[in-house]
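Participant: curious how this folds, go ahead:
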Amino acid sequence: MRARPPVRDQDQDQDQESSQYTFFDQADDFLTAVRYIESIRQRLPPNTQTTVNEPTQFPSVSMVDWNTDAPNARLRVLELLKTNFHPGDRIVKTSSRTGNVYALTMDRKLLLVNKRNRAIDLTRPALAVAVVTMATN
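Facilitator: The predicted structure is shown next:
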C-alpha cells in the first residue's frame, strides 16, 4: 500500500474538482487494506473474525449533512446498493478498461460507478454467448 498524508476534511481543504480523485483513492486504499487483512484471516482458524473500522463522525465521511440532517449522496448510494444487491448474490468477474469507472456485476445486474465529476462515455462490448455441446458415448 502506498503511503499517503492523513485524511483531512475534504469539504474544507479541497475543491470539488480535486476531491473526486482523493475520495476514490482513499476508498481504493481502504479496500486494498481490507483485502490484505482478509488474506491474513484466511490463513487462520475458520472461526477467526475480523473487524475493520473507518472514521464515521467526520463531515467528509458522514451520510447526512451536518447542518441540515438531510441525507447526502453517500446515503442515497447505500440505499441503492441495499435495494438492488442482496446477500447471496453471485459476483461475476467484471472489468473496466478505464480507471475512471468501477464496474461490478452481480447476477444479472451491473453496477457502474463514475469516479469523476464529469460525464464519461461508455460502450458495452457485444455479449458473448457460449454454446456447450456434450457428447455422450
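Participant: where does this protein have low pLDDT?
Facilitator: Residues of the chain that meet the criterion pLDDT under 70 lie in 1-14, 53-60, 127-137.
Participant: number of nearby residues for the residue lying closest to S96 once chain neighbours are set aside?
Facilitator: Nearest in space to S96, with sequence neighbours left out and distances taken as Cβ to Cβ, 6 or more residues apart in numbering, is A103 at 4.2 Å. Just so you know, the C-beta spots here come from the backbone N, C-alpha and C atoms, and that holds for glycine as well. By other Cβ atoms under 10 Å, the residues close to A103 number 14.
Participant: and the gap between Y102 and R108?
Facilitator: Using Cβ to Cβ, to the nearest Å, Y102 is found at 19 Å from R108.
Participant: compare these two (neighbour count), which wins?
Facilitator: More neighbours surround Y102 than the other of Y102 and R108, with 17 against 8 (other Cβ under 10 Å).
Participant: so that one sits against R116, correct?
Facilitator: No - with contact defined as Cβ atoms under 8 Å, Y102 does not reach R116; the gap is 11.1 Å.
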